[in-house]
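**Q** generate a structure from the sequence data that follows.
(one chain, ligands or ions: 1)
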Amino acid sequence: MIRVESLSKRYGRDIAVDRLSFTVEPGQVCALLGPNGAGKTSTMRVLVGLSTPSAGRVGILGEPVGLGAPVLRRVGVLIDGPAFVPHLSGLANLRLLWSATGRAWPPPALDEALALAGLGAHLERRTGRYSMGMRQRLTLAQALMRDPDVLVLDEPANGLDPAEVRALREHLVARAGRGGTVLVSSHQLAEVQQVATHAVVMDRGRLAAAGPLGDLLGGRSLEDAFLAITEGSTDAAG
Ligand SMILES: Nc1ncnc2c1ncn2[C@@H]1O[C@H](COP(=O)(O)OP(=O)(O)OP(=O)(O)O)[C@@H](O)[C@H]1O
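**A** Residues are numbered from 1 along each chain as shown. Got it, this is the predicted structure:
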């Protein structure tokens, strides 16, 4: 379970996240939506201990989060992507990242993660020669190989081709079906509509709407609902 309580994040005098609260329960795939600069990545970075909140609290599986918090072992994260060592192969990079957990190789869901990443023989190639899409797939593999209870994915479909996007979608649905908690940000609303059970819409740092997807849609496409929600908050602010 993910809990965000009155979270604010400032960068100097700018406020990127403004008293944001929401929860994501096990079994849910929650889409974190919002226009460019709404504060989605800032929220996710605080949520997984990569940056500190200016105010408020975040928790995962009932435990507080901070850099190196034990609960983060149970979280698969894709944000900006880790820095892969360019002269090592994809597989060697996964081993290196896994070694930081102090647990024996291989990770519990390595095969499943590699199947989804679909890198095949590229796994043996140096990551310095990877395309952006290959890098994204290796990043996904490192997030999934630990068989996490919670997934926090910032625009995971970036750079993936349509077949891979579909495989990812099926994976997220299956993971939530097994009791996992998934928070995923995206600008690809038609894609998100197929996978999300819930959505949180941010606009200029604030919560603009949240709830089960069906309630937010009210019979509209997610694109129409999103534009109505974010336009409404622009009018209200103006
Ligand atoms: N490290 C930083 N230093 C200063 N300002 C930042 C930093 N990171 C983000 N911001 C600012 O905070 C605001 C929110 O950015 P954030 O990346 O969280 O939005 P986002 O919703 O993820 O956007 P996008 O959809 O474009 O990825 C923006 O105004 C951005 O310029």
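**Q** and stretch 137-146, how far out from the chain's middle?
**A** Relative to its chain's centre, stretch 137-146 lies at 12 Å (C-alpha atoms, centre = their mean, to the nearest Å).
**Q** please apply the same query to stretch 155-170.
**A** Computed by C-alpha atoms, centre = their mean, the chain-centroid distance of stretch 155-170 equals 13 Å.
**Q** what does stretch 178-189 give?
**A** Distance, centroid of stretch 178-189 to centroid of chain: 6 Å (C-alpha atoms, centre = their mean).
**Q** could I get the average pLDDT for it?
**A** For stretch 178-189, mean pLDDT is 95.
**Q** get me the contact residues on the chain for the ligand.
**A** With C-beta under 6 Å from any ligand atom as the criterion, the chain comes near the ligand at residues Tyr11, Asp14, Ala16, Gly34, Asn36, Gly37, Ala38, Gly39, Lys40, Thr41, Ser42. All C-beta spots, glycine's among them, are computed from the backbone N, C-alpha and C.
**Q** need the contact list for the fifth one.
**A** For Asn36, no contacting residues are found, by C-beta atoms under 8 Å, 6 or more residues apart in numbering.
**Q** apply 10 Å and report the result again.
**A** Counting by C-beta atoms under 10 Å, 6 or more residues apart in numbering, Asn36 makes contact with His187.
**Q** what's around the nearest residue to Gly180 once chain neighbours are set aside, how many residues?
**A** Excluding the flanking residues, the one nearest Gly180 by C-beta to C-beta, 6 or more residues apart in numbering is Asp149, at 6.0 Å. A count of nearby residues for Asp149, using other C-beta atoms under 10 Å, gives 19.
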